[in-house]
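Novice: the following block contains a protein sequence and its predicted model.
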Amino acid sequence: MFYPNDFPQPTMIAVNGVELEVFEAGRENAGNPIVLCHGWPEHAFSWRYQVSALAAAGYHVIVPNQRGYGHSSQPTDVTAYDLTHLTGDLVALLDHFGYDDAVFVGHDWGANVVWGMALLHPKRVSKVIALALPYQERGETPWVELIESFMGPDNYMVHFNRKPGVADAVLEANRRQFLQNLYRKNEPLLPPEPGMMMINLAESETAAGEPLLSDDELSVLDKAFEVSGFTGSINWYRNLDRNWHLLAEVDPIVLHPALMIYGEYDVIPKSPNLSDFVPNVDVVSIDAGHWIQEEKPEETTKAILDWLA
């Protein structure tokens, strides 16, 4: 497959009972690993602007398409996408390369997985860098129920759980249009339209803001989701309450050095009590929306490298 921006070609690696499509750079920097974890509905390619800079800075950069994405395995069991499996894949990836630990960087759902790594496998993580999604306090109410109480039944995370298969089919039928409408920048701050946001985006012929991706970049995502469909990646959301139960007995404090990077115009709110759960955290805000590392690549890369230095 053609990857613009000189993105590396992938290797298929067997880990944790699945195969992951893994992109690498800087293998000559063995011993200094950094693992970049994408979100939803993303692809390892979302880190295209950071890979070469991190390799040039002396890191062995490892960028997996996580289970459910691209050419990586697509288990049919919904529970195969819970936090135990997602973090288990990354632990097995470290084992494959012979690393005890690594810096873990995650955007969106990838940030959730990286926070999960710090909770479930703290010795395998040296530092945490999260983009867009801050640490999520577990609280007393399962997450889907909590989201529904605040956002209502049409919230996409609730809809994915309450009406399985409905959104999957709509997104797959309108794949390129959905991705083109979702990946925007300079979006005006408008109240949300009624209905399920992701279905609205898939079925709408117009979208606010400006396109974030070139035609070639959009084609990378389009072809990847043509292969994978959307169900595997949406199944990550269908494990939100399962993850809530899995974390019941886990120490909720992340003691690792951490960097939280917010997009100033992201719809995901900033955490008011982040340092209560992540006491060794530094916080940076970038003049961007949700797709931080793609919208403001130079600023994002500089923030990461400055903090790591």
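Specialist: Here it is on my side, so go on.
Novice: quick one, what contacts the residue positioned nearest the centre of the chain?
Specialist: When the chain is reduced to its mean C-alpha position, the nearest residue by C-alpha atoms, centre = their mean turns out to be residue 39, at 1.9 Å. Residues in contact with residue 39 (C-beta atoms under 8 Å, 6 or more residues apart in numbering) are 46, 106-111, 132-133. Every residue, glycine included, has its C-beta placed from N, CA and C.
Novice: and residue 208, by the same measure?
Specialist: With the criterion set at C-beta under 8 Å, 6+ apart, residue 208 makes contact with 184, 187-188, 190.
Novice: so which of the residues you listed is the most crowded?
Specialist: Using other C-beta atoms under 10 Å as the contact criterion, the top neighbour count among the contacts of residue 208 goes to residue 184, which has 19 neighbours.
Novice: would you mind measuring from that one to residue 109?
Specialist: Relative to residue 109, residue 184 is positioned 19 Å away (criterion: C-beta to C-beta, to the nearest Å).
Novice: so where's the stretch 51-200 of the chain uncertain?
Specialist: Within the stretch 51-200 of the chain, no stretch falls below the threshold (pLDDT under 70).
Novice: distance from the chain centre to stretch 248-256, please.
Specialist: Averaged C-alpha coordinates place stretch 248-256 at 20 Å from its chain's average position (C-alpha atoms, centre = their mean, to the nearest Å).
Novice: please name the nearest non-neighbouring residue to residue 105.
Specialist: The shortest distance from residue 105 to any residue other than its chain neighbours is 4.2 Å, reached at residue 129 (C-beta to C-beta, 6 or more residues apart in numbering).
Novice: part of a strand, is that neighbour?
Specialist: Yes. With DSSP: H, G, I helix; E, B strand; the rest coil as the criterion, residue 129 is located in a strand.
Novice: what's near enough to touch it?
Specialist: Each residue near residue 129 by C-beta under 8 Å, 6+ apart is listed here: 103-106, 114, 258-259, 261, 304, 307.
Novice: quick check: bridge partners of it?
Specialist: Here residue 129 shows beta-bridge partners residue 105, residue 259, assigned using DSSP bridges.
Novice: against residue 50, how distant is it?
Specialist: 10 Å.
Novice: any common contacting residues for the two?
Specialist: With the criterion set as C-beta under 8 Å, 6+ apart, the overlap between the contacts of residue 129 and residue 50 is residue 304.
Novice: closest to residue 283 among the contacts of residue 208?
Specialist: Comparing those against residue 283 with C-beta to C-beta places residue 187 closest, at 22.9 Å.
Novice: how many residues are close by the closest residue to that closest one other than its chain neighbours?
Specialist: Distances taken as C-beta to C-beta, 6+ apart place residue 209 nearest to residue 187, at 3.5 Å, with adjacent residues excluded. The criterion is other C-beta under 10 Å. On that basis, residue 209 has 13 neighbouring residues.
Novice: now do residue 295
Specialist: Other residues within reach of residue 295 by the criterion other C-beta under 10 Å amount to 21.
Novice: list the contacts of it.
Specialist: For residue 295, the residues meeting the contact criterion (C-beta under 8 Å, 6+ apart) are 185, 212, 263, 288-289.
Novice: farthest-apart pair in those, please.
Specialist: Maximum distance among the contacts of residue 295 (C-beta to C-beta): 12.1 Å, for 212 and 263.
Novice: compare these two (neighbour count), which wins?
Specialist: residue 263 (23 against 19).
Novice: mind listing the residues bridging to the more buried one?
Specialist: Beta-bridge partners recorded for residue 263 (DSSP bridges): residue 286.
Novice: identify the residues contacting it.
Specialist: With contact taken as C-beta under 8 Å, 6+ apart, residue 263 is in contact with 131-132, 285-286, 288-292, 295.
Novice: go with 6 Å
Specialist: With contacts taken as C-beta atoms under 6 Å, 6 or more residues apart in numbering, residue 263 has the following neighbours: 286, 288-290, 292.
Novice: check residue 221 too.
Specialist: In this structure, residue 221 makes contact with 43, 179, judged by C-beta under 6 Å, 6+ apart.
Novice: so how far is residue 45 from it?
Specialist: Distance of residue 221 to residue 45, given as C-beta to C-beta: 7 Å.
Novice: the helices in the stretch 201-309 of the chain, which residues?
Specialist: With DSSP state H, counting those that start in this stretch as the definition, the stretch 201-309 of the chain shows helices at residue ranges 215-228, 231-234, 240-246, 274-277, 292-295, 297-308.
Novice: among those helices, which comes closest to residue 12?
Specialist: When these are compared for distance to residue 12 using C-beta to C-beta, the nearest one is helix 215-228, at 13.0 Å.
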